[in-house]
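[1] build the 3D model from these lines:
(3 chains)
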Amino acid sequence: MLLTIIDFLAVISFTISGVLVALKTKLDAFGILIIGFITATGGGTIRDLLLGVRPVFWLIDTSIVYTIICTTILAIVFRKYLKILNKSLFLFDTLGLALYTISGIEKSLIINSNPVICIAIGIITACFGGVLRDILCQRIPVIFRKEIYATTCMLGGITYFGLHQISPQNSLVINSLSILVIIIIRILAVKYKLKLPYLYKS
Amino acid sequence: MLLTIIDFLAVISFTISGVLVALKTKLDAFGILIIGFITATGGGTIRDLLLGVRPVFWLIDTSIVYTIICTTILAIVFRKYLKILNKSLFLFDTLGLALYTISGIEKSLIINSNPVICIAIGIITACFGGVLRDILCQRIPVIFRKEIYATTCMLGGITYFGLHQISPQNSLVINSLSILVIIIIRILAVKYKLKLPYLYKS
Amino acid sequence: MLLTIIDFLAVISFTISGVLVALKTKLDAFGILIIGFITATGGGTIRDLLLGVRPVFWLIDTSIVYTIICTTILAIVFRKYLKILNKSLFLFDTLGLALYTISGIEKSLIINSNPVICIAIGIITACFGGVLRDILCQRIPVIFRKEIYATTCMLGGITYFGLHQISPQNSLVINSLSILVIIIIRILAVKYKLKLPYLYKS
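    Got it, this is the predicted structure:
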């Protein structure tokens, strides 16, 4: 239940991050919706394609599609107020990053138990929606410029497998702690080292 | 039989649209062929990957590949005359857009009967060949700039499911009318509202 | 055994070609690793997705992932000396191109025996890692600018099916000769016609 709410918040925040980039690129309403959709679902779609899960997740769980459409419409209508929300958006985005990483790792464990492979899939799940968004809007992908974004996911993944080594049974504890590690590292990284990673001129 | 001819015309017109963009980007002969190929098959390929249909359609139906190769060679040889054909090209392109949308909807109905999902797949089938073409040639995808392209597909999809609600049996009538709606909206949009959507400076 | 060594060399050389482009694009360490990874595995990944092979090859054969990570780290550390290696890099790259083409053809023969389809898949396997690399680094893909790259793969594919027609049993001879044809054509092309294809201003 808690995971469903976090998942919901993650989709919303990833959609909004897509809408914000699309607005800057001066796309029309439909283009903004498509970019929002791709930002929110792209990472998970590539994950499902690589793992051979078919059809991809958003073809089965329709609520994701409705969430994205509603979020995009609300974000376009209230676009002037989005900047005020910057802080909560960052929190959602970080939550999304953490949750997508762990969900990617858990999904890939079914295919291959190798930690390096699983962490790679986790990073792809968390980061490649943003990569597709940046390619479509003709920007050099942010994650290739700012180490801390993908690195945070990697550290979270290492935490996951480290805890798994110690006590494999407590999957709830492992998941919660790994997600927490990603969130804390990201917040610290943004606060002390990079201030605002999105402001990097590209 | 009629559908096969329309499908054939759609592949030709999408290939030519790829060749025209590739010529402008000053690619060599082989690059032009690859762009023509990706423009014609890209949307359907992404559709098949998302739906989990494997292998993708053009690996089975080889005639599509031959059609694209011949069209590209003829288009390169007669490239000076392509501008005269502009009007018929627009008709083929519109036909292709309409047919690809409906074929995408029908293929996705096998996986998920939700209209929103099916229309999304229809739009992807019709538009993402062009999106890939534009990404590879380093242009901001046209559909993100001109609402009318993808919106037309969406309206055709809504027509499809509206008619389906009224009389689910007449699939021939539903298909024909939906295709007709897309064609008419696109022609009206280009004639009255946007004149030439492709001329939008990107 | 010989094939395993060549495969190993091919992954290394494709990774290094990715690292070199990523260094020029001024990506950070993690971005360089991702570009190296995508350059080395992208073509084979798209091949597996199109053919419906699941999961994709590098999820099963973990040694590829380790090879890429080690190569990237070494390439970053010794980046100043990479230019001296230019000649051996070109040889590895050509080896990789040849091997990937033939492995793509052989994998697609399982799905469809049509030579045109198989050669298309061979070209995609050999060239699309580089295409993804160039898209992610915002360059117009090299293969769309320099005919000789993809054309070489095509000629190797034609050799493959020509020899297959003459004596279908000797798969070792067919493979070796086709690989040799690609290597010789590429070396001759670079030596006499194009000198350094990578230097083409994009």
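
[2] in chain A, what residue lies closest to chain B?
    Nearest residue of chain A to chain B (C-beta to the nearest C-beta) works out as A:R54 at 2.6 Å. The C-beta positions use only the backbone N, C-alpha and C, and glycine is treated the same way.

[3] from A:D134, how far off is that residue?
    The span separating A:R54 from A:D134 equals 27 Å under the rule C-beta to C-beta, to the nearest Å.

[4] check A:L74 too.
    Taking C-beta to C-beta as the measure, A:L74 falls 23 Å from A:D134.

[5] neighbour count: A:R54 and A:D134, which is higher?
    Higher neighbour count among A:R54 and A:D134: A:D134, with 23 against 17, using other C-beta atoms under 10 Å in any protein chain shown.

[6] for the more buried one, which non-adjacent residue is closest in space?
    Ranked by C-beta to C-beta, 6 or more residues apart in numbering or on different chains and with sequence neighbours excluded, the top spatial neighbour of A:D134 is A:P141, at 4.2 Å.

[7] how many residues are close by that neighbour?
    A:P141 has 24 neighbours, counted by other C-beta under 10 Å.

[8] still on that earlier bit, what's near enough to touch the closest residue to the residue of chain A closest to chain B other than its chain neighbours?
    Counting by C-beta to C-beta, 6+ apart, B:G52 is the residue found nearest to A:R54 once chain neighbours are left out, at 2.6 Å. The contact partners of B:G52, by C-beta atoms under 8 Å, 6 or more residues apart in numbering or on different chains, come to A:R54, A:P55, A:V56, B:I111.

[9] phi, psi for B:G52 please.
    The phi/psi pair for B:G52 (degrees, to the nearest 10) reads phi 80, psi 20.

[10] how much space between it and A:K83?
    From B:G52 over to A:K83 the distance is 40 Å, taken as C-beta to C-beta.

[11] how about low-confidence regions in chain A?
    Within chain A, the set of residues satisfying pLDDT under 70 comprises A:1-3, A:6, A:86, A:144-147, A:193-202.

[12] quick check, the residue in it closest to chain C?
    Evaluated by C-beta to the nearest C-beta, chain A has A:G52 as its residue closest to chain C, separated by 2.6 Å.

[13] my read: A:T94 touches A:I184, true?
    No - A:T94 lies out of contact with A:I184 (C-beta atoms under 8 Å); the separation is 9.4 Å.

[14] same drill for these two, tell me which one is more crowded.
    It is A:T94, of A:T94 and A:I184, that has more neighbours when counted by other C-beta under 10 Å, with 21 against 15.

[15] over to A:L27: give its phi and psi.
    Torsion angles, degrees, to the nearest 10, at A:L27: phi -80, psi 160.

[16] pretty sure it sits against A:I35.
    Yes - A:L27 is within contact range of A:I35, at 6.5 Å (criterion: C-beta under 8 Å).

[17] these two - which one has more neighbours?
    The neighbour comparison of A:L27 against A:I35 (other C-beta under 10 Å) goes to A:I35, with 29 against 24.

[18] hang on, isn't that one packed against A:L20?
    No - contact status for A:I35 versus A:L20: not in contact, 9.6 Å apart, counting by C-beta under 8 Å.

[19] what is in contact with the two at once?
    Contact criterion C-beta under 8 Å, 6+ apart; no residue bridges A:I35 and A:L20 by contacting each.

[20] what's the local residue count around A:S113?
    Neighbour count of A:S113, defined by other C-beta under 10 Å: 11.

[21] from A:R186, how far off is A:F90?
    9 Å.

[22] related to what we said a few turns ago, three-state assignment of the residue of chain A closest to chain B?
    When classified by DSSP: H, G, I helix; E, B strand; the rest coil, A:R54 comes out as coil.

[23] the spatially closest residue to A:F161 that is not a sequence neighbour: what's it in contact with?
    Distances taken as C-beta to C-beta, 6+ apart place A:P115 nearest to A:F161, at 4.4 Å, with adjacent residues excluded. Neighbour list for A:P115: A:G157, A:I158, A:F161 [criterion: C-beta under 8 Å, 6+ apart].

[24] mind listing residues that contact the helix or strand encompassing A:V11?
    Element membership for A:V11 (DSSP states H and E) is helix A:2-24. Helix A:2-24 is contacted from outside by A:31-32, A:35-40, A:64, A:67-68, A:71-72, A:75-76, A:79, A:82, A:89, A:91-93, A:95-96, A:99-100, A:103, A:129-130, A:133-134, A:137, A:139, B:144, using C-beta under 8 Å, 6+ apart.

[25] tell me the buried residues in the helix or strand hosting A:I135?
    Using DSSP H and E, A:I135 falls within helix A:115-136. For helix A:115-136, a neighbour-count test (16 or more other C-beta atoms under 10 Å in any protein chain shown) marks A:115, A:117-136 as buried.

[26] quickly check: the strand or helix carrying A:L74 near chain B or not.
    Assigned by DSSP H and E, A:L74 belongs to helix A:62-77. Yes - using C-beta under 8 Å from any C-beta of the partner chain, helix A:62-77 reaches chain B at A:T62, A:V65, A:Y66, A:I69.

[27] just among these, which is most surrounded?
    A:V65 (19 neighbours).

[28] enumerate every residue touching that one.
    A:F37, A:W58, B:N114, B:V116, B:I117, B:A120.

[29] ok, A:L155 next?
    A:L155 neighbours (C-beta under 8 Å, 6+ apart): A:V181, A:I182, A:I185.

[30] tell me the SS of it?
    helix.

[31] do you know how far it is from A:S13?
    Applying C-beta to C-beta to A:L155 and A:S13 gives a distance of 20 Å.

[32] how many neighbours does A:L50 have?
    Residues within reach of A:L50, counting by other C-beta under 10 Å, total 23.

[33] please give the element, helix or strand, for it.
    Assigned by DSSP H and E, A:L50 falls in helix A:29-51.

[34] identify all contacting residues around the next helix or strand after that helix.
    Following helix A:29-51 in sequence order, the next helix or strand is helix A:57-60 (DSSP H and E). Outside helix A:57-60, the residues that touch it by C-beta under 8 Å, 6+ apart are A:41, A:44-45, A:48, A:64-65, B:50-51, B:108, B:111-112, B:117, B:121.

[35] widest-spaced pair of those residues?
    Largest separation among these by C-beta to C-beta: A:G44 and B:S108, giving 17.8 Å.

[36] which SS class is A:Q169?
    Here A:Q169 is coil, with the state taken from three-state DSSP.

[37] that one - how many residues pack around it?
    8.

[38] over to A:L20?
    By other C-beta under 10 Å, 22 other residues sit near A:L20.

[39] before we move on, the earlier item: can I get the contacts of helix A:57-60 in a markdown table including distance to A:Y149?
    Putting the contacts of helix A:57-60 into a markdown table (distance: C-beta to C-beta, whole Å) gives the following:
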| residue | distance to A:Y149 |
| --- | --- |
| A:T41 | 19 |
| A:G44 | 17 |
| A:T45 | 19 |
| A:D48 | 22 |
| A:I64 | 23 |
| A:V65 | 26 |
| B:L50 | 26 |
| B:L51 | 31 |
| B:S108 | 33 |
| B:I111 | 33 |
| B:N112 | 33 |
| B:I117 | 30 |
| B:I121 | 30 |
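
[40] on that earlier part again, the more surrounded of A:F90 and A:R186?
    Each of A:F90 and A:R186 has its neighbours counted (other C-beta under 10 Å); A:R186 has more, 25 against 18.

[41] residues in contact with A:S167?
    The contact partners of A:S167, by C-beta under 8 Å, 6+ apart, come to A:V173, A:I174.

[42] residues from chain A in reach of chain C?
    Contact residues (C-beta under 8 Å from any C-beta) of chain A with chain C: A:49-52, A:54, A:108, A:111-112, A:114, A:116-117, A:120-121, A:131, A:135, A:138, A:140-141, A:143-147, A:150-151, A:154.
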